[in-house]
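**Student:** Predicted structure and sequence below. I'll ask about it afterward.
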Amino acid sequence: MPFTIATWNINSVRLRMPLVQQFLERYRPDVLCLQETKCQDDQFPASAFRKLGYEHMAIHGQKGYHGVATVALRPLELVEKREFCRMGDSRHLSVAVNAGGRRLLLHNFYVPAGGDEPDPIINPKFRHKLDFLTEMHALRAEHDDVSGSILVGDLNIAPLETDVWSHKQLLKVVSHTPVETEGLERLRHEGGWVDLMRQHIPPEEKLFTWWSYRAKDWDVSDRGRRLDHVWASPNLSPSLNRIEVLREARGWDRPSDHVPVIAGFDFD
DNA sequence: ATGGTTGCTAGGCAA
């Protein structure tokens, strides 16, 4: 029984609904997790999703900033909208879906970017990012015979050397500093999560999901980073049959700076 | 060496 889930930092869902529509019509993932929706819940383009067949939605938005939403072709059960760091930010949403006789717990995350200066003493945004990661440590990849967990989203950290265009040049750049990369890997191991993108694509291979708007030619310079992730509990990883990073989406008209990542499973 | 771009919304702030 096939099951596909996609994650995409959309950088304003209202502005980019035409691209989302194009994506959903072409790829038809069972579930799409969006980050940086940048609108309040009553402004979320729910009817446009409904017309596309995505009738089931869980949204956790806020005015102007952040915001996550999970939309699906099949029923979703809202599990939690968790607040991190007592900031009042909308950065997490979890739902449950049934797939191949299993109950899947799906976490959708938008981790703080952390500002420019990688020093928690002088930069409160970086402090917030580190605190957010610390709070995420409580999140375990819950699973048993009939259930599993998937965690997706923009984690704003590129953990491996091959997750950035230049490991050396980015060591002091927020998203690839050792305190972040080691912190993310530690939290993934302690939570019992498997990095599905790197299970499918060898860690030796460069892999990016984000390219800055500021580059003259993002495709030619290719100064990307892997900021978006798909993790799962270990009982789901043998069922993974596909990971696709939709690089071409960065070249679409008025694109997001992130591209969709699609994970395909075949559950028995 | 330190811009460069984009989105939210109406002047910066965040990314």
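**Tutor:** Yes, it's here.
**Student:** Residue A:107 belongs to a helix?
**Tutor:** No - using DSSP: H, G, I helix; E, B strand; the rest coil, the assignment for residue A:107 is strand, not a helix.
**Student:** what's the burial count for it?
**Tutor:** Look at residue A:107: counted by other C-beta atoms under 10 Å, it has 24 neighbours. For every residue, glycine as well, the C-beta is placed using N, CA and C.
**Student:** again with residue A:264
**Tutor:** 18.
**Student:** same deal with residue A:77?
**Tutor:** Neighbour count of residue A:77, defined by other C-beta under 10 Å: 13.
**Student:** Which residues are in contact with the residue nearest to residue A:63 when sequence neighbours are not counted?
**Tutor:** In space, and not counting its chain neighbours, residue A:63 is closest to residue A:40: 5.2 Å by C-beta to C-beta, 6 or more residues apart in numbering. Going by C-beta atoms under 8 Å, 6 or more residues apart in numbering, residue A:40 touches A:61-63.
**Student:** These also near DNA strand B: which ones?
**Tutor:** Of the residues in these, proximity to DNA strand B by C-beta under 7 Å from any atom of the strand holds for residue A:63.
**Student:** Tell me the one among the contacts of residue A:40 nearest to residue A:128.
**Tutor:** Proximity of the contacts of residue A:40 to residue A:128 (C-beta to C-beta) peaks at residue A:62, which lies at 15.4 Å.
**Student:** Buried subset of the contacts of residue A:40, written for PyMOL?
**Tutor:** Remark: buried members of these, expressed as a PyMOL selection using 16 or more other C-beta atoms under 10 Å:
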select buried, chain A and resi 61+62
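**Student:** which one of the contacts of residue A:40 is nearest DNA strand B?
**Tutor:** The closest of the contacts of residue A:40 to DNA strand B turns out to be residue A:63 (C-beta to the nearest atom of the strand; 4.6 Å).
**Student:** Wait, that closest one touches residue A:39, no?
**Tutor:** Yes - counting by C-beta atoms under 8 Å, residue A:39 is a contact partner of residue A:63 at 7.4 Å.
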